Structure formats: structure tokens, C-alpha cells
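> Sequence and predicted structure are below.
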Amino acid sequence: MKSGKSGKPVSPIYTIGLIFVLFSIFRPISSIFRLIAVGVIAAIGFGVVRAIFGGKQEKDAQAPAQQAATRQTTAQRAASQSQAQQKQTAQKKEPPKPKYSPEVQAVVDEGARAHSELQRLYAVIPDLTVKHKILEIIDVSDKIVEDAIHDPSDVPQIKKFLDYYLPTTIKLLNAYDRMGSQGIEGENISKTMGSINEMLDTAIVAYRKLLDSLFANQAMDIETDIAVMNTLMKREGLAEQGNSFRASSQGGAATATMSQ
């Protein structure tokens, strides 16, 4: 059905005109009563046509708007559900970080930065021998940093390691990487790279000694606990004379074993 500029249906109007034309042709309107009768019939036809076609057009006009509103509501609901799922997933993936004292946390953070840089150098330096040494440095430096968590009294020693020794090692490894990427085997470059390679061996030995020294306090505490336990067991008659616990070192960890 056609519609006017206002969007309202015009078919009912055409129906009135059509009824008057038909009556004029077949039964001429010759009196006021016939005119009124035709007017009544035209009004009824107008109402019928409007009820049939006008309501349908209004519903058809409203349908797209309702569908658009429904789609928008569905999209908003889906977006909200997606955000909630992402938030839940992020919460599951991110375990709560342990809380340390400011001094220990500073050591942990600095150790993490050094670890990341050493990993990067391991990835870019092609020499397999140097790569192996970098892995050893990563292993021992991580253990030194971890000691600060278990024994905060070692933080001053570890800070010195993190403030000078490890950063200097990383600085020299960066220099080794830059020289190696030049693609030139000059005398000065080769000599300097060789010196850095030898320095890594010295650093690894020194760092392992530092790690061992950090366990001195813990070793003393363990020895004290063992001595007290031996004394109490003998006093209570739980251990015979000649039987005692002694401290032994195996795999870097102190253990207690029985001796006869």
C-alpha cells in the first residue's frame, strides 16, 4: 500500500473516493438522503480498509524498531557475560602475591628484573658455551634471591650482590653480545670477548660461594637443634650412650642421621 510523506496510510482515503465514484456511475446521487447513505457506506469502507491495512503497516513499522531493541539488549547481555567470564578467568590465572617486608620485596623485584635480562641475553647470544654459563648464573642468582625470603637477615649481603656483582655481569654480557653481533673478528674484539668468557667462570664460582655462605646461620641453628635434641634424649633415656644425631650435608641441604 502507498503512503504519504507523513508515513500514514492513504488507502482508506482512496476507498472513500472509489465508493462515491462507483455510486455516481451505477446509482447517481440524486438526493440528500442518498448522499448521506453513500457517506455512511464510504465511512464503513474507510474503517474496514484502515483496520485491514493501516494496523498492519503500523505493526510492520514498529517491528524493525522492536527487533533492533531486542538485538541491542541481547548484545549488551552477551558483552556483560563476556566481561564477567574474562574477570573470573583473570582472577583464576593470577594467584595472590605473597606479602614480604619492604626490604625483602625490593630484593625479590630486583632479582626478577635481573632474571628477565639474563633470559634475554641467553636467547640472543649464539655461543653455546656462553649460553650454558648464563644458565648457571641464572640458577645460582635465583637461589641467592630466594634466600632473602627464607632468611631476611641475609638481605644486606644479597643487596650487595644485586647492586654490583650481578649488574656488572649483565653489563659485560651485553658488551659480549654487541661485539659478537658486529660480524668482525678483530684482535681487540676477540680478546675482549675471551676475557668476558673467562670472567663468567670466575663469577659462577664466586656466586656459589656466596650462596653457601648465606646458609651459615641456618647451619648453626641446625647444629644447635641437633645438640639440644641429643642432650634431651640422653637425659630422658631415649638414646643409649654412643648413639647420637650428627649433621651431614647432602645435595646442599642439611640432614640429621644416626651414628653408632
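Nice, thanks for sending it over.

> okay, CA-based contacts and neighbour counts for the rest of this
Fine.

> all strands for the stretch 101-250 of the chain, in order.
All strands of the stretch 101-250 of the chain, identified by DSSP state E, counting those that start in this stretch, fall at 244-250.

> where in it is pLDDT low?
Along the stretch 101-250 of the chain, segments meeting pLDDT under 70 span 240-250.

> Could you rerun that using 90?
Counting by pLDDT under 90, the low-confidence segments of the stretch 101-250 of the chain come to 101, 151, 153, 180-189, 214-250.

> Tell me where it has helices.
Taking DSSP state H, counting those that start in this stretch to define them, one finds helices in the stretch 101-250 of the chain at 102-124, 128-150, 155-160, 166-180, 187-214, 216-235.

> out of these, nearest to residue 84?
Closest to residue 84 of those is helix 102-124 (C-alpha to C-alpha; 31.0 Å).

> so what does the closest one touch, helix or strand wise?
Helix 102-124 is packed against helix 128-150, helix 155-160, helix 166-180, with contacts defined by 3 or more C-alpha pairs under 8 Å, 6 or more residues apart in numbering; DSSP states H and E.

> want to throw the helices of the stretch 101-250 of the chain into CSV with distance to residue 84?
Output for the helices of the stretch 101-250 of the chain, formatted as CSV (distance: least, C-alpha to C-alpha, whole Å):
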stretch, distance to residue 84
helix 102-124, 31
helix 128-150, 35
helix 155-160, 42
helix 166-180, 43
helix 187-214, 46
helix 216-235, 47
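
> and residue 74, which of those helices is closest to it?
Going by C-alpha to C-alpha, the one of the helices of the stretch 101-250 of the chain nearest residue 74 is helix 102-124, 44.5 Å.

> which secondary structure element contains residue 100?
Under the criterion DSSP states H and E, no helix or strand holds residue 100.

> That one - nearest residue in space that isn't next to it in sequence?
Closest residue in space to residue 100, ignoring its immediate chain neighbours: residue 149 at 7.7 Å, by C-alpha to C-alpha, 6 or more residues apart in numbering.

> For residue 186, give me the backbone phi and psi.
With angles defined as degrees, to the nearest 10, residue 186 sits at phi -80, psi 160.

> Look up how far residue 193 lies from it.
Residue 186 sits 11 Å away from residue 193, going by C-alpha to C-alpha, to the nearest Å.

> for residue 39, same thing?
Separation of residue 39 from residue 193 (C-alpha to C-alpha): 110 Å.

> Looking at the two, which is more packed in?
More crowded of residue 39 and residue 193, by other C-alpha atoms under 10 Å: residue 193, with 19 against 15.

> Compute the distance between the nearest residue to the more buried one once chain neighbours are set aside and residue 197, please.
Leaving aside its sequence neighbours, residue 193 sits nearest to residue 176 (C-alpha to C-alpha, 6+ apart; 5.7 Å). Distance from residue 176 to residue 197, counting by C-alpha to C-alpha: 8 Å.

> Those two - which one has more neighbours?
Shown here are residue 176 and residue 197; by other C-alpha under 10 Å, residue 176 has more neighbours (22 against 17).

> The more buried one and residue 199, how far apart?
Residue 176 sits 11 Å away from residue 199, going by C-alpha to C-alpha.

> What is the neighbour count of residue 207?
Neighbourhood size, residue 207 [other C-alpha under 10 Å]: 19.

> Correction: the previous question concerned residue 187.
Other residues within reach of residue 187, judged by other C-alpha under 10 Å, total 8.

> got it, and residue 120?
Residue 120: 11 surrounding residues under other C-alpha under 10 Å.

> Same check on residue 162?
Neighbourhood size, residue 162 [other C-alpha under 10 Å]: 19.

> Enumerate every residue touching it.
Residues near residue 162 by C-alpha atoms under 8 Å, 6 or more residues apart in numbering: 107, 110, 111.

> Out of these, flag the one nearest to residue 229.
residue 107 (35.0 Å).

> Would you agree that closest one is in contact with residue 148?
Yes: with contacts counted by C-alpha atoms under 8 Å, residue 107 reaches residue 148, the gap being 7.3 Å.
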